[in-house]
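Trainee: Have a look; sequence and predicted model below, questions after that.
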Amino acid sequence: MSPSVEARAPEPPSIPDAKETEKDDGLDPLDGLHPKIKAWIAEHKREQKEHAQENRRRRNDIWSWGKSLLDDLTPRDLYRFRASSSLCRAIEAAGGRVKEADIHGKLTFTVGGRDMECMVKEKMSRPIKRPEGEAAKWTAYPHHHNSGLTSSGFLRAQISTWLPGEQPQWIESPRKPFSQLIPAIVETVVASVPRLIEWERKREEDRRRYQEAERRRWELRRLKEIDDARWSRFRSAATNWKEKQLLDAFIAELEARLASEGNHAIGEKTTTEWLDWAKDRAAELDPFAEGLVGLFRDVQRP
């Protein structure tokens with residue numbers, strides 16, 4: 001189902017009396033609410049009491065801002081509570097469990113070992129004329145709704161847990177009240193659990209495949225880096241070997257000249273000592289100093 005679009009209502013809907021809505025609407029009565037939903041009424045009363053007590057404490061402090069008093073629950077609030085209660089009982093009848101229930105509409109069900117979040121909220125509309133006075137007080141929690149919108153007079157339910165594909169949602173209509181939507185909601189919630197598990201399984205497989213491919217790519221890079229380093233040392237050995245041949249020829253020429261020119265002191269060394277120094281340094285370049293084994297041992301070192 002496609003996401004809902006804000007409806008445009010010509011006038012704010014009339015709000016029936018709470019007891020009126022209990023007649024033949026197929027929802028739990030107020031005196032038979034699910035325990036999780038019944039706790040909402042107790043929570044509301046507690047908040048009302050706290051706000052009033054806080055205001056009394058601050059009454060004599062001119063610099064203190066008092067909390068706004070919390071209005072009584074409206075027929076729309078109570079209708080939503082009853083709808084939420086009926087949905088909770090239907091989920092339990094289907095083998096699920098109500099894990100959490102938030103007064104502002106979020107319900108968390110545990111089905112098949114998985115948590116599924118659902119929302120039961122007012123379907124909002126944008127009236128041509130902004131409601132005023134009592135018509136604007138359709139809920140005790142106006143700050144939880146867009147101030148430019150008002151209740152359309154219908155509820156909207158949606159699975160808010162992410163599912164592959166579209167997020168299912170249901171909207172009341174004059175011909176299809178919430179009680180008639182409940183079977184489809186429960187069926188979809190229960191059926192969504194295997195879909196979610198299968199999607200998670202595939203996602204985990206994809207993650208493992210990706211990690212394995214990444215591991216192979218990393219290993220190939222690591223082996224290439226090792227091989228490149230070895231090749232670099234092998235080429236250096238060839239360069240050193242060629243340079244040593246040039247140095248050996250040069251040193252041989254110097255020794256021949258030494259025989260004709262004689263030994264002389266040059267700084268802290270004699271000519272002979274300088275030649276010995278050159279021979280030692282040239283020997284350091286010899287890649288075959290320890291034979292082929294030594295050459296390739298140096299090539300393959302870490």
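Mentor: Now that the structure is in, tell me what you want to look at. Computed from a predicted structure; not experimentally measured.
Trainee: Helices along the stretch 101-250 of the chain, start to end?
Mentor: Using DSSP state H, counting those that start in this stretch, the helices of the stretch 101-250 of the chain run over residues 178-261.
Trainee: give the contact list for residue 247.
Mentor: Residues in contact with residue 247 (Cβ atoms under 8 Å, 6 or more residues apart in numbering) are 278, 282, 285. For the C-beta atoms, the positions are set from N, CA and C on the backbone; glycine is no exception.
Trainee: From the structure, what's the count of residues near the last one?
Mentor: Per other Cβ atoms under 10 Å, the neighbour tally for residue 285 reads 19.
Trainee: try residue 143
Mentor: Quick note: residue 143 (other Cβ under 10 Å) scores 7 neighbours.
Trainee: shaky segments in the stretch 51-200 of the chain?
Mentor: For the stretch 51-200 of the chain, applying pLDDT under 70 flags the ranges 58-68, 130-136.
Trainee: re earlier: now intersect the contacts of residue 247 with the helices, please.
Mentor: 278, 282 (DSSP state H).
Trainee: Put together a markdown table for the contacts of residue 247, with distance to residue 267 on each row.
Mentor: Listed next are the contacts of residue 247 as a markdown table, based on distance: Cβ to Cβ, whole Å:
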| residue | distance to residue 267 |
| --- | --- |
| 278 | 14 |
| 282 | 20 |
| 285 | 24 |
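Trainee: Residue 93: which of the contacts of residue 247 is nearest?
Mentor: residue 285 (88.0 Å; Cβ to Cβ).
Trainee: Need the pLDDT of the closest one.
Mentor: pLDDT recorded at residue 285 is 94.
Trainee: What distance do you get for it to residue 243?
Mentor: For residue 285, the distance to residue 243 (Cβ to Cβ, to the nearest Å) stands at 6 Å.
Trainee: Repeat that for residue 40.
Mentor: 88 Å.
Trainee: buried stuff in the strand ranked longest in the chain?
Mentor: In the chain, with assignment by DSSP state E, the single longest strand is strand 114-125. By neighbour count on 16 or more other Cβ atoms under 10 Å, the buried set for strand 114-125 is 116, 117, 118, 119, 120, 121, 122, 123, 124, 125.
Trainee: what's it packed up against?
Mentor: helix 75-93, strand 106-111, strand 150-159, helix 178-261 (3 or more Cβ pairs under 8 Å, 6 or more residues apart in numbering; DSSP states H and E).
Trainee: could you dump the ones you listed to TSV with distance to residue 28?
Mentor: As requested, the helices and strands packed on strand 114-125 are exported to TSV (distance: least, Cβ to Cβ, whole Å):
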stretch	distance to residue 28
helix 75-93	4
strand 106-111	14
strand 150-159	14
helix 178-261	10
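Trainee: Of these, which is nearest residue 69?
Mentor: Closest among the helices and strands packed on strand 114-125, once you apply Cβ to Cβ, is helix 75-93, at 15.7 Å.
Trainee: send the alpha carbons of the closest one over as CSV?
Mentor: Extracted in CSV, the C-alpha atoms of helix 75-93 (Å, rounded to 0.1, in the frame of the first residue of the first chain):
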residue,chain,number,x,y,z
PRO,A,75,-13.1,10.8,22.9
ARG,A,76,-10.5,10.5,20.1
ASP,A,77,-7.8,9.6,22.6
LEU,A,78,-10.0,7.0,24.1
TYR,A,79,-11.0,5.6,20.8
ARG,A,80,-7.4,5.2,19.8
PHE,A,81,-6.7,3.5,23.2
ARG,A,82,-9.5,1.0,22.6
ALA,A,83,-8.3,0.3,19.0
SER,A,84,-4.8,-0.2,20.3
SER,A,85,-6.1,-2.5,23.0
SER,A,86,-8.1,-4.6,20.5
LEU,A,87,-5.1,-4.9,18.3
CYS,A,88,-2.9,-6.1,21.3
ARG,A,89,-5.4,-8.8,22.2
ALA,A,90,-5.7,-9.9,18.6
ILE,A,91,-1.9,-10.2,18.4
GLU,A,92,-1.9,-12.3,21.6
ALA,A,93,-4.6,-14.5,20.2
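Trainee: From the contact counts, what lies against that helix?
Mentor: Using 3+ Cβ pairs under 8 Å, 6+ apart: helix 75-93 touches helix 18-21, helix 35-58, strand 97-101, strand 106-111, strand 114-125, strand 150-159, helix 178-261.
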